[in-house]
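Enquirer: With the sequence up front, the predicted model follows.
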Amino acid sequence: ARARIPLVAGNWKMNFDHLEATYFVQKLAWLLRDAHFDFKRCEVTLMPSFTSLRSVQVLVQADKLKITYGAQSVSVTNQGAFTGDVSADMLARLGCSYVIVGHSERRKYHPEDDANIVDQVRAVLTAGMQPILCVGESMQERRKGIALDYAVGQVHDVTRDLSDEEASRLVIAYEPVWAIGTGLVATPQNAQDAALAIRNDLTESFGSDVAQSVRILYGGSVSSRNAVELISEPDVDGFLIGGASLDPEELAKICRLT
Ligand code: PEP
């Protein structure tokens, strides 16, 4: 049996206003309840836009839902003259459990380099939340045959100064850039190879107890058609899901299959 409880994380990206988000969460909760879904067997978390977080919090509290939630990015600073930014403390106060850090779309459209990503990870951990650190190669590295080294290198560079306790609170999402939103899914073997290579690097840096407790997710065109074979791999501990997380029925199905 798997020691780590799998995590299904829905990354809504820039979709749904707060009313649509509320409707979605109610519907998902209803579908999972109807299916007698066991949240002790698999955790379900949603990443709405900042503007929906308060509505999701109110609903989760009022209906005592077991669904958790988080944000898609965070400021590296705590407060002050940073127009448009949102701090980790603000997110923690809204009951966020997770923050996605270093998603490939953030790395592409915003000036997020490794130094900035290290600071985001640190900010999230300091505020008592868990970062979901996204790494993964583009087609260029895959073609050159250096996909695993690239993804492991990204993890290594961002995590090297963390303490063992901090590292134990990480979630890592292996998301090959060529698989995100493309319908091209990595093979279960690709996903397992990457997750194992990342876990081996964590073992070297932080020891086996930490490495065995960190959940490593796969992301990239996950759907109810490929979830079962991916989750069957021993080092794949769940999913970060974009497109398929926008349909409550499809997401509920993936949760049941995970
Ligand atoms: C993502 O954006 O994290 C993602 C995996 O997207 P998709 O599932 O749509 O490929």
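Expert: Sure, I can see it.

Enquirer: Now the residue of the stretch 151-258 of the chain found nearest the ligand: closest residue in space that isn't a chain neighbour?
Expert: The nearest approach of the stretch 151-258 of the chain to the ligand comes at Gly242, 2.3 Å away (C-beta to the nearest ligand atom). Where you see a C-beta, it was placed from the backbone N, CA and C, and this is true even at glycine. Once flanking residues are discounted, Gly242 sits nearest to Asn11: 5.2 Å by C-beta to C-beta, 6 or more residues apart in numbering.

Enquirer: Which residue ranges of the stretch 101-250 of the chain form strands?
Expert: For the stretch 101-250 of the chain, the strands defined by DSSP state E, counting those that start in this stretch cover 130-135, 171-174, 215-219, 238-241.

Enquirer: of all of the stretch 1-150 of the chain, which residue lies closest to the ligand?
Expert: Counting by C-beta to the nearest ligand atom, the stretch 1-150 of the chain gets nearest the ligand through Asn11, at 4.5 Å.

Enquirer: And that residue, what's its pLDDT?
Expert: Note on Asn11: pLDDT of 98.

Enquirer: what's near enough to touch it?
Expert: By C-beta atoms under 8 Å, 6 or more residues apart in numbering, the residues touching Asn11 are 47, 72, 100, 103, 219, 240-242, 245.

Enquirer: now swap in Ala211 and tell me
Expert: 199-200, 202-203.

Enquirer: I'd like the residues you listed written out as JSON lines, with pLDDT, neighbour count and distance to the ligand added.
Expert: Output for these, formatted as JSON lines (pLDDT from 0 to 100; neighbours: other C-beta atoms under 10 Å; distance: C-beta to the nearest ligand atom, whole Å):
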{"residue": "Arg199", "pLDDT": "98", "neighbour count": "21", "distance to the ligand": "20"}
{"residue": "Asn200", "pLDDT": "97", "neighbour count": "13", "distance to the ligand": "23"}
{"residue": "Leu202", "pLDDT": "97", "neighbour count": "24", "distance to the ligand": "21"}
{"residue": "Thr203", "pLDDT": "97", "neighbour count": "15", "distance to the ligand": "25"}
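
Enquirer: can you count the residues close to Gln61?
Expert: Gln61 has 10 neighbours, counted by other C-beta atoms under 10 Å.

Enquirer: in what helix or strand does it lie?
Expert: Per DSSP states H and E: Gln61 is located in helix 50-62.

Enquirer: could you check whether the helix or strand following that helix is close to the ligand?
Expert: Once helix 50-62 ends, the next helix or strand along the chain (criterion: DSSP H and E) is strand 68-71. No - between strand 68-71 and the ligand, judged by C-beta under 6 Å from any ligand atom, nothing touches; the nearest distance is 13.0 Å.

Enquirer: Rounded mean pLDDT for strand 68-71, please.
Expert: For strand 68-71, the mean pLDDT works out to 98.

Enquirer: Turn the strands of the stretch 101-250 of the chain into JSON lines, columns for mean pLDDT and distance to Ala123.
Expert: Shown next, in JSON lines, are those (pLDDT from 0 to 100; distance: least, C-beta to C-beta, whole Å):
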{"stretch": "strand 130-135", "mean pLDDT": "98", "distance to Ala123": "9"}
{"stretch": "strand 171-174", "mean pLDDT": "98", "distance to Ala123": "16"}
{"stretch": "strand 215-219", "mean pLDDT": "98", "distance to Ala123": "20"}
{"stretch": "strand 238-241", "mean pLDDT": "98", "distance to Ala123": "20"}
